[in-house]
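J.: build me a model:
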Amino acid sequence: MVERHHAEDPLARLRERTPVLGMLREAGAEDRPFEGATIGVSSHLEPKTGIFIETLRDAGAEVLCTPNDPGSVHGDVVSHLDAQSGITAFAAPEMSEADLDRAHRDLLDREPDLLATDGAELLAKCHADPELSTESVVGCAEQTTSGVSRARAMADDGVLAVPVFAVNHTPMKHWFDNVHGTGESALTNVMLSTNTVLAGRTVVVAGYGYVGRGVATKARALGADTVVTEVDSRKAIRAHMDGHRVMPMDEAAEIGELFVTATGNCHVIRERHVRKMNDGAMLCNVGHRDIEVAIGELADAATDVRDVEEGITRYSLADGRTIDLLAEGKMVNLTGPYSQGHPAAVMDTTFAAMVLALRELVETDGLDAGVHPLPERLDEDVARLKLDALGVEIDSLTDLQQRYLDAWQRDEIV
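T.: Numbering: from 1, shown residues only. Got it, this is the predicted structure:
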């Protein structure tokens, strides 16, 4: 993992690339919407998250932060945040899963008022552990597909006790962060880690949600032959109409050279698939945590396992074939040796939406427990701020056009 070398401020270079957060930071410092509130943040502790955390702090919050993945902790960022007043980091580089669990518990013991999560780890933990409580929690903003899915499962089970804004599902998040942010950062890290050109290679993408679509689209643009595997008929048709080949993983395993999982589910690539793969096939994940590749099954199928380069673990099979697993099956764009996460330009709008979601939770009375869409007006606010930052102007409807759209007897309008 690349560390930044700014002794005084590892976030400095990216602040100019997050202008929307800068606008919200200035506004928040004036009206202090989170004054007196404690916000628990669980996310990848890298520079863009650091700017988000500072934005919340400057808006009046006491911010407690912890990673959601032990492999995505940037030590320089954690040190910088922890040295500031109003911010406490429960994090360190090279954390184990046990360390991560302890960090989550320590944060929740401080009884935060609001949660800002990536993967809903804090949300699930404070509901599932009888030693913890949700009594202090006003609500949660969740920024990932897998986290929203988890929150909905909690709601379906009747255990979700707080309102959750599904920030991931708002257009200003998934149109850009999921598609462009993940697609570009994942493939960039794969190419740098492996010194591989994608042009002419067969890239298999498991899952065709917004993340998978981004990966497949970017890979195809780089000259790859793209194959998509899916369990959702509608997404499979979309992949087909977008120009990708669609087939089951059992078939794709026989032709793929690079496999990218993007489902948010577990054991997408299993031993039976690995046994069909060609020598030198590479596996990586951009979905959620290190569960999408069944690593235990891969190890059981191997006669030898060794790290051949930083970020590349080679599994040698009995017949002489080798399979390379990148970033230990964790999110390759966040935990690989060259990873810097998603580009700042897309995280600018994602974290801006998170700030507005948290503010809405504070300012809205009587929001029921459950998973809620982010109000459209807030998504539009993020878009307008981004256009302002880009210096881009757009048209507006005339009075006639608005009356036409609002009417059902339109012959009277024009």
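J.: for this protein, what helix or strand is lowest in average pLDDT?
T.: Ranking every helix and strand in the chain by mean pLDDT, DSSP states H and E puts helix 332-335 at the bottom, with a mean of 91.
J.: which helices and strands sit right next to it?
T.: When contacts are defined as 3 or more Cβ pairs under 8 Å, 6 or more residues apart in numbering; DSSP states H and E, helix 332-335 packs onto helix 183-194. Every C-beta, even on glycine, is put in place using the N, C-alpha and C of the backbone.
J.: number of residues surrounding the closest residue to His74 other than its chain neighbours?
T.: Spatial nearest neighbour of His74, chain neighbours left out: Glu46 (4.7 Å); criterion: Cβ to Cβ, 6 or more residues apart in numbering. Glu46 has 27 neighbours, counted by other Cβ atoms under 10 Å.
J.: Glu46 contacts Pro343, doesn't it?
T.: No - counting by Cβ atoms under 8 Å, Glu46 stays clear of Pro343, with 11.8 Å between them.
J.: mutual contacts of those two, please.
T.: Residues touching both Glu46 and Pro343 by Cβ atoms under 8 Å, 6 or more residues apart in numbering: none at all.
J.: low-confidence ranges in this protein?
T.: Low-confidence segments of the chain (pLDDT under 70): 1-7.
J.: could you list the paired strands of the strand ranked longest in the chain along with their orientation?
T.: Across the chain, the longest stretch assigned as strand under DSSP state E is strand 302-309. Its sheet considered, strand 302-309 pairs with strand 312-317 (antiparallel) by DSSP bridges.
J.: what about the helices in the stretch 51-200 of the chain?
T.: With DSSP state H, counting those that start in this stretch as the criterion, the stretch 51-200 of the chain has helices at 75-82, 97-109, 121-128, 145-156, 171-173, 183-194.
J.: looking at those, which is closest to Ala252?
T.: With Cβ to Cβ as the criterion, Ala252 lies closest to helix 183-194 of those, at 17.2 Å.
J.: and the very next helix or strand once past the closest one, how far from the chain's centre?
T.: For helix 183-194, the following helix or strand on the C-terminal side (DSSP states H and E) is strand 202-206. Relative to its chain's centre, strand 202-206 lies at 20 Å (Cα atoms, centre = their mean, to the nearest Å).
J.: buried stuff in strand 202-206?
T.: Within strand 202-206, the residues that qualify as buried by neighbour count (16 or more other Cβ atoms under 10 Å) are Thr202, Val203, Val204, Val205, Ala206.
J.: send the alpha carbons of that strand over as CSV?
T.: Extracted C-alpha coordinates of strand 202-206, given in CSV (Å, rounded to 0.1, in the frame of the first residue of the first chain):
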residue,chain,number,x,y,z
THR,A,202,-10.1,-12.3,-21.3
VAL,A,203,-11.5,-10.6,-18.2
VAL,A,204,-14.3,-12.3,-16.3
VAL,A,205,-16.4,-10.0,-14.1
ALA,A,206,-18.6,-11.7,-11.5
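J.: tilt between it and helix 183-194?
T.: 130 degrees (axes from the mean of the first three to the mean of the last three Cα atoms, to 10 degrees).
J.: neighbouring strands of strand 202-206 in the sheet, and parallel or not?
T.: Sheet pairing of strand 202-206 (DSSP bridges) gives strand 225-229 (parallel), strand 258-261 (parallel).
J.: point to the residue nearest the middle of this protein.
T.: Thr144 (5.0 Å; Cα atoms, centre = their mean).
J.: for it, phi and psi?
T.: Main-chain dihedrals, Thr144, degrees, to the nearest 10: phi -130, psi 160.
J.: about what we covered before: any idea which of the strands paired with strand 202-206 is most buried?
T.: Most buried of the strands paired with strand 202-206, by mean neighbour count (mean count of other Cβ atoms under 10 Å): strand 258-261, with a mean of 28.
J.: by contact count, what packs against the following helix or strand past that one?
T.: Later in the chain than strand 258-261, the nearest helix or strand by DSSP H and E is helix 271-274. Applying 3+ Cβ pairs under 8 Å, 6+ apart, one finds that helix 271-274 contacts helix 249-252, helix 295-301.
J.: doesn't His80 make contact with Ala89?
T.: No - here Ala89 does not reach His80: they are 9.3 Å apart, not a contact under Cβ under 8 Å.
J.: need the contact list for Cys284.
T.: Cys284 neighbours (Cβ under 8 Å, 6+ apart): Ala186, Val190, Leu258, Phe259, Val260, Thr261, Leu325, Leu326, Ala327, Gly329, Val332.
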